[in-house]
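Participant: quick one, what's the 3D model for this:
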Amino acid sequence: MGGESRVSDEVLGTVVPIGVYWLYSGVYCLLHRLDRFRMHSRKEEAAKNSISKATVVRGVLLQQSIQATVSLALFAFAGNKTEDQPVSEGFILAYAVQFLVAMLVMDTWQYFMHRYMHHNQFLYRHIHSQHHRLVVPYSFGALYNHPIEGLLLDTVGGALSFLVSGMSAKVSIFFFSFATIKTVDDHCGIWLPGNPLHLLFKNNTAYHDIHHQLYGSKYNFSQPFFVMWDKILGTYMPYTIERRMDGGLEARPRKVE
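Facilitator: Model (predicted):
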């Protein structure tokens, strides 16, 4: 009975990003106790958010179940492109190119879909406004969306990134885990000094927090990686990080020079 059982890359590409979502969110839940790094006070979070955390958890689990179903179907459609090849500079470069292409495809899809959901009153009122019930974002609310938005924005965007980049199921484990970490970080509501994601990406926690405020709802649509489409199309709102009078930090908009 001697064959060694192995979980397939397709299954790992489906379940690992879900596990990463809850583990990384859990880290930020612990860090939320550090009030001096919070971008909104506890009082403000309780006053502005119109949905309970239990409802958010249920909504995210629903979306992740839909994503998992679509993911397995996508892998079956695309076929297994994983090959056991020795690691070399050529393969590392190829994987890096796939990552970059996938990031650009995901950003492009999400920018235009996200922006349209804000400008179309029907879509905003009945679909996208569900995500904006979290005026004060927090980590495990990153994927709290209407199921239709989750399908169109996140799931379809992820599928296009996978197909256009030509990545294998094995590479997708790392790409979608990284995309998950980035999305959670953007919604975490914590500005930690030295956070490498804040140093590497202009599209970060503060940038997206601006979008969740009423004055920024028509700006900073880009997610989750770059800010290029906002800058190209005039929806870019830069920010400064300042100390609040009551403690903690705040992202405040500033004029574009």
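
Participant: which other helices and strands contact the longest helix along the chain?
Facilitator: Longest helix in the chain, counting residues (DSSP state H): helix 89-119. In terms of contacts (3 or more Cβ pairs under 8 Å, 6 or more residues apart in numbering; DSSP states H and E), helix 89-119 is packed against helix 121-126, helix 156-165, helix 169-186, helix 228-232. C-beta: built from backbone N, CA, C; applies to glycine.

Participant: pull out the buried residues from that helix.
Facilitator: Of all the residues in helix 89-119, those buried under the rule 16 or more other Cβ atoms under 10 Å are 95, 98-99, 102-111, 113-115, 117-118.

Participant: follow-up on the earlier one: for the helices and strands packed on helix 89-119, could you give me CSV that also reports mean pLDDT?
Facilitator: Rendered in CSV, the data for the helices and strands packed on helix 89-119 read as follows (pLDDT from 0 to 100):
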stretch, mean pLDDT
helix 121-126, 97
helix 156-165, 96
helix 169-186, 96
helix 228-232, 98
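
Participant: Lys202 is nearest to which of these?
Facilitator: Closest approach to Lys202 among the helices and strands packed on helix 89-119 (Cβ to Cβ): helix 228-232, 9.2 Å.

Participant: coming back round to it: just name the most buried of the helices and strands packed on helix 89-119.
Facilitator: Mean neighbours per residue, mean count of other Cβ atoms under 10 Å, is largest over the helices and strands packed on helix 89-119 for helix 169-186, with a mean of 22.

Participant: quick check: angle from that one to helix 156-165?
Facilitator: 140 degrees (axes from the mean of the first three to the mean of the last three Cα atoms, to 10 degrees).

Participant: using CSV, write out the CA atom coordinates for helix 169-186.
Facilitator: Output of helix 169-186 as CSV, limited to C-alpha atoms (Å, rounded to 0.1, in the frame of the first residue of the first chain):
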residue,chain,number,x,y,z
ALA,A,169,-1.2,25.6,-9.8
LYS,A,170,2.0,25.4,-7.8
VAL,A,171,2.9,29.0,-8.5
SER,A,172,-0.6,30.1,-7.8
ILE,A,173,-0.3,28.9,-4.2
PHE,A,174,2.3,31.6,-3.6
PHE,A,175,0.7,34.3,-5.7
PHE,A,176,-2.8,34.1,-4.2
SER,A,177,-1.4,33.8,-0.7
PHE,A,178,0.6,37.0,-1.3
ALA,A,179,-2.5,38.7,-2.8
THR,A,180,-4.5,37.6,0.3
ILE,A,181,-1.8,39.0,2.6
LYS,A,182,-1.8,42.3,0.7
THR,A,183,-5.6,42.6,0.8
VAL,A,184,-5.8,41.9,4.5
ASP,A,185,-3.0,44.4,5.2
ASP,A,186,-4.8,47.1,3.2
